[in-house]
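Chemist: Model the structure of this input:
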Amino acid sequence: MPFLANTPVEKMNGPYARRWWALLVLCLSLLITVMANTSLIVAAPDMTTELGLSSSDLQWVVDGYTVPYAALMLVLGSIGDKYSRRGALVLGLLIFAGGSVMGSMVDETSLVIVARAIMGFGAAVVMPATLSLLVATFPRSERSKAITAWAATSGLAVAVGPLVSGWLLEDHAWGSTFLINVPIAVVAVFAALALVPPSKAEGMGRIDYVGGLLSIVSVGSLIYAAIEGPHFGWGAGPVTAAAVAAAGLVAFVAWELRHPHPMLNVRMFALRPFTGSMLAVMFFFFGMFAVLYYSTQFLQFVLGYDALDTGLRLLPLGGAVFLGSAATGTLTPKLGVRTMVVTGMTVGTAGMFLLTQIDKGSTYGDFLTPLMMLGLALGLSISPATDTIMGSFPESELGVGGGVNDTALELGGALGIAVLGSLLGTAYRDELTDLVGNRLPAEAMEIAKDSVGGGLAVAERVAQDPSAGPQQAQAAVDAVHQAFAHGVAQASLVGGIIMAAGTLIVLAVLPGRRGFARKSAEPGAGTAASKAATVREHTGATR
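Modeler: Predicted structure coming up:
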């Protein structure tokens, strides 16, 4: 057997013999791109201290990765379909590794943000390639199992990222959380060449670059507005970005409807399984990423856990993901996609509402059950939703399908952190002002209101002030803890309401088994009807 996998999938007479090894490579590639987001959350306190990051700086260190990641996936998935899906995977991994090396070496905020953006660009190449290669390599009868493993890996990365980051930060600087990506990416490159067969779309035609550019402008502007507006005020920049996003979306839809070979066939949104699954992915990661964002801060700043202890305490979330993934593989063929997706979203929403009970006296045990519920929900719902989305696309558009799925995931996560993170910050500032009043100098009060880390730093200064003393310092710490707990509870309440509304919307949009069959046959389904048949066959939505 040759070292390199040189035979294209399209020219194989039967299933690829080493497809499960190929899946392992694809999951490894996925793992590091998701970990790059979650690991930074634990490293944020060290980065804030060493780089002197403001709240705005930290937000853009996190989201410098998110903006290119979400905005470029649709276009880059299409390019991978056209020329080489495996080539896209390898190139993306190399770009990702290059950005990681840069991130580990720089010590200026602007350069860290640039490094994160380069990593985001690489991840935008890798993510859709993993899904398109998976679907192209596996026969239809095995795709659901393979996608379940892919989805479980995504959930595992949410928990493993903070653990690995915490372990590294025990003995190394924050730059090590970037550098750890490099050897994994290099291994994945060689393994991809050896185990993942080449694949590209047959007879795809010219790429719709105008539609691609419009999608980049629309998604990028939307994410920018979602980050800047809630956190830093709706000034000229965020308002302009929101207007550009709206205009770009209208132009994109109009262009795609008229183009003979569109980047994305927007008529697919008439398919209820496709649209319902897209909404489910977006709403779910809206809640998941936000909860991870503020739970890790509570564990570190309020409960006093270091980075490694925080990572260890997130592991049950990963275990719950695997439990849910194992259950969905058995139950989805029996109960159908809508039942599994809505059940998962309901469990996740309940977990979010449990976090409204958080207060200053809460312990890790108060977070354990909600985190496990969210992990179980992810395992139950994301695999059948992703399976449905990918099943909506023909073989020639698998990269686009992967880009659409991953854009929904990343867009939901970015909106969750931006919107709920902003609500958390506002509630924290208001509560701290009520608790502390004028007992701190104006300058110190502004620092304390900026973030929970800033509040604790001010309390430490109070403790060192001979005119204040330990009692006043402890009172300041208690006020910061109580204000942040109040913010977590308020953000969780709003997040729970949004997720509950999302669950009801998905319940209404996703058809049942028989309803799906009727909907796909309705007049007006147009060119989407044949794809609906593919979705039915792929997901088992009807019998």
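
Chemist: average pLDDT for stretch 409-426?
Modeler: Mean pLDDT, computed over stretch 409-426, is 85.

Chemist: what's the answer for stretch 98-112, then?
Modeler: So the average pLDDT for stretch 98-112 ends up being 92.

Chemist: Flag every buried residue along it.
Modeler: 98-104, 106, 109, 112 (16 or more other Cβ atoms under 10 Å). Any C-beta I mention is one placed from the backbone N, CA and C, and that applies to glycine too.

Chemist: Just the closest of those to residue 408, please.
Modeler: Taking Cβ to Cβ as the measure, residue 408 lies nearest residue 99 of the buried residues of stretch 98-112, at 23.6 Å.

Chemist: ok, the closest one - contacts?
Modeler: 115-122 (Cβ atoms under 8 Å, 6 or more residues apart in numbering).

Chemist: swap the cut-off to 6 Å and go again
Modeler: Taking Cβ atoms under 6 Å, 6 or more residues apart in numbering, we find residue 99 in contact with 115, 118-119, 122.

Chemist: Show me the residues you listed that map onto helices.
Modeler: When DSSP state H is applied, the contacts of residue 99 are split such that 115, 118-119, 122 fall in helices.

Chemist: Can I get those residues in CSV including distance to residue 373 and pLDDT?
Modeler: Below are these laid out as CSV (distance: Cβ to Cβ, whole Å; pLDDT from 0 to 100):
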residue, distance to residue 373, pLDDT
115, 35, 94
118, 36, 96
119, 31, 95
122, 33, 96
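
Chemist: that older thread, which members of the buried residues of stretch 98-112 are the farthest-apart pair?
Modeler: Using Cβ to Cβ, the buried residues of stretch 98-112 span at most 19.6 Å, a distance reached by 98 and 109.

Chemist: Adding distance to residue 487 and neighbour count as columns, could you present the ones in helices among the contacts of residue 99 in CSV?
Modeler: Formatted as CSV, the ones in helices among the contacts of residue 99 follow (distance: Cβ to Cβ, whole Å; neighbours: other Cβ atoms under 10 Å):
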residue, distance to residue 487, neighbour count
115, 30, 23
118, 33, 21
119, 29, 29
122, 34, 29
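
Chemist: Dump those to JSON lines, plus distance to residue 187.
Modeler: Formatted as JSON lines, those follow (distance: Cβ to Cβ, whole Å):
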{"residue": "115", "distance to residue 187": "21"}
{"residue": "118", "distance to residue 187": "20"}
{"residue": "119", "distance to residue 187": "17"}
{"residue": "122", "distance to residue 187": "16"}
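
Chemist: Between the buried residues of stretch 98-112, which sits nearest residue 237?
Modeler: Distances from residue 237 to these, taken as Cβ to Cβ, are shortest for residue 109 (18.5 Å).

Chemist: And the closest one, how far from residue 60?
Modeler: 8 Å (Cβ to Cβ, to the nearest Å).

Chemist: got it, and residue 9?
Modeler: The separation that residue 9 has from residue 60, given Cβ to Cβ, amounts to 40 Å.

Chemist: repeat for residue 400
Modeler: 29 Å.

Chemist: Looking at these two, which one has more neighbours?
Modeler: Remark: of residue 400 and residue 60, residue 400 carries more neighbours, 30 against 23, as counted by other Cβ atoms under 10 Å.

Chemist: Is it correct that the more buried one is in contact with residue 78?
Modeler: Yes - with contact defined as Cβ atoms under 6 Å, residue 400 reaches residue 78; the gap is 5.1 Å.

Chemist: Quickly find the element holding the residue nearest in space to the middle of the chain.
Modeler: Among the residues of the chain, the one closest to the centroid is residue 410, at 4.2 Å (Cα atoms, centre = their mean). Following DSSP states H and E, one finds residue 410 within helix 398-436.

Chemist: And that helix, what's buried?
Modeler: Buried residues in helix 398-436, counting neighbours by 16+ other Cβ under 10 Å, are found at 398-425, 427-429, 431-432, 435-436.

Chemist: Please, which helix or strand holds residue 37?
Modeler: Counting by DSSP H and E, residue 37 is found in helix 19-51.

Chemist: So for the next helix or strand after that helix, what gets flagged as buried?
Modeler: Heading C-terminal from helix 19-51, the first helix or strand you meet, by DSSP H and E, is helix 55-83. Residues 55, 57-82 are the ones in helix 55-83 that count as buried (16+ other Cβ under 10 Å).

Chemist: what's the neighbour count on residue 235?
Modeler: For residue 235, the count of nearby residues is 10 (other Cβ under 10 Å).

Chemist: which residues touch it?
Modeler: So residue 235 contacts nothing (Cβ under 6 Å, 6+ apart).

Chemist: Name all residues that make contact with the closest residue to the residue nearest to the centre of the chain other than its chain neighbours.
Modeler: Nearest residue to residue 410 in three dimensions, chain neighbours excluded: residue 70, at 3.9 Å (Cβ to Cβ, 6 or more residues apart in numbering). Residues in contact with residue 70 (Cβ under 6 Å, 6+ apart) are 219, 223, 407, 410-411.

Chemist: State the distance from residue 70 to residue 442.
Modeler: From residue 70 to residue 442 the distance is 39 Å (Cβ to Cβ).

Chemist: Next: residue 436.
Modeler: Distance, residue 436 to residue 442, using Cβ to Cβ: 12 Å.
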